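Student: Next come a sequence and a model predicted from it.
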Protein chains: 2
Amino acid sequence: MRISTKGGYGIRAMYELAMAHGQGPVPLKVVAEKQALSENYLEQLMGTLRKAGLVRGIRGARGGYELALPPEKISVGDVIRALEGPIAPVSCVDLDAEAGCERHAHCPTRGLWERLRDSMIEVLDSTSLADLCKEAPQDAAPEDSGKGHC
Amino acid sequence: MRISTKGGYGIRAMYELAMAHGQGPVPLKVVAEKQALSENYLEQLMGTLRKAGLVRGIRGARGGYELALPPEKISVGDVIRALEGPIAPVSCVDLDAEAGCERHAHCPTRGLWERLRDSMIEVLDSTSLADLCKEAPQDAAPEDSGKGHC
DNA sequence: GCTAATTCCGACCACTTCACTAGGAATTCC
DNA sequence: GGAATTCCTAGTGAAGTGGTCGGAATTAGC
């Protein structure tokens, strides 16, 4: 029942972009340094987030990444879904796929998985990047205080 | 964000044992047939569940497995924890390990993961095997009606 | 005591995913 | 032109998934 590091790293990277929102693009090098992540690996994740429409990449010198939407409009769930796929503990209660298993009418565990899925979605979709910024302890990044968007 | 088939298969097997609780041991062959699972694979899972104290194995002819506790006393969370490890979306909010990461005091995402963990635990621990039995649609296993413990 | 049924145990295996590293092409600012 | 940066693709070792297989130990019933 773990998310992979993809989701975790992605959230941390998006948090950095949210903190710098409105101040121009942030190069990956900076994000990787602040969050102590591999820059190369992060690059791949950002590619996925870009294709999902959550970030914009700006090439060239003085380039970097920035949020494609304001931090209030991006939920943690959006990021997780982009990087890890649909939020569902088992595939047969995947909301994004109308598949469903053949015996869903008489499956004794279906209700359980639906309840679990819904409670996970509730937490993840009700938390935005802006919320994360607000939640961040003051001593998290003293050098940012007063500058960031959040 | 998926549980592996271990957890899913385990729950389905435990559901079968719950349905037959009080009627003597159920051989794996029967469980595997009813739930359409690989008997060999199920064997491994039952070994884990036995070591966790959730089931008893009775060897020899007319042997099989039975719940080590009444179905009301075993939660879905117990089964998942036995088969998949602690219920925590990221390792640093694992309740069973006092580890925690070195920078937990100034981690902007910790609160999020704690909320997610708690909501998952709430659903999984508040559902017992007996609940699953009650929840099961009537047409699930008509041949069982009136016979089973639930 | 023999036989059939069953758990118990450990080894093995093909496949996929994870978490990266590496290298180079394209783009853009100065 | 040169430096910085995104973008893209390929490779890689380690781990996890989802099994299979063979055989030993135990037990009920004849």
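Tutor: On my side now, so go ahead.
Student: use CA for all of it now, contacts and neighbours both
Tutor: Will do.
Student: Flag every residue of chain A that's near DNA strand C.
Tutor: Within chain A, the residues that sit near DNA strand C (Cα under 7 Å from any atom of the strand) are A:4-6, A:37-41, A:58-63, A:84.
Student: Could you rerun that using 6 Å?
Tutor: Contact residues, chain A versus DNA strand C (Cα under 6 Å from any atom of the strand): A:S4, A:T5, A:K6, A:S38, A:N40, A:Y41, A:R59, A:G60, A:A61, A:R62.
Student: How confident was the prediction at the third one?
Tutor: pLDDT for A:K6: 96.
Student: a helix runs through it, doesn't it?
Tutor: Yes: counting by DSSP: H, G, I helix; E, B strand; the rest coil, A:K6 is located in a helix.
Student: Just confirm it contacts A:G85, I think it does.
Tutor: No: look at A:K6 against A:G85 with Cα atoms under 8 Å: they stay out of range, at 10.9 Å.
Student: Which of the two has more residues huddled nearby?
Tutor: Summary of the neighbour comparison: A:K6 and A:G85, criterion other Cα atoms under 10 Å in any protein chain shown, with A:K6 having more neighbours (18 against 15).
Student: What separation do you get for the residue of chain A found nearest DNA strand C and chain B?
Tutor: With Cα to the nearest atom of the strand, the shortest gap between chain A and DNA strand C falls at A:G60, namely 3.2 Å. Going from A:G60 to chain B by Cα to the nearest Cα, to the nearest Å gives 30 Å.
Student: Run a quick neighbour tally on that residue.
Tutor: Count around A:G60 with other Cα under 10 Å applied: 7.
Student: Next one: it, what pLDDT does it get?
Tutor: Confidence score, pLDDT, at A:G60: 97.
Student: OK, contacts around A:T48?
Tutor: Listed by Cα atoms under 8 Å, 6 or more residues apart in numbering or on different chains, the contact set of A:T48 reads A:A82, A:L83.
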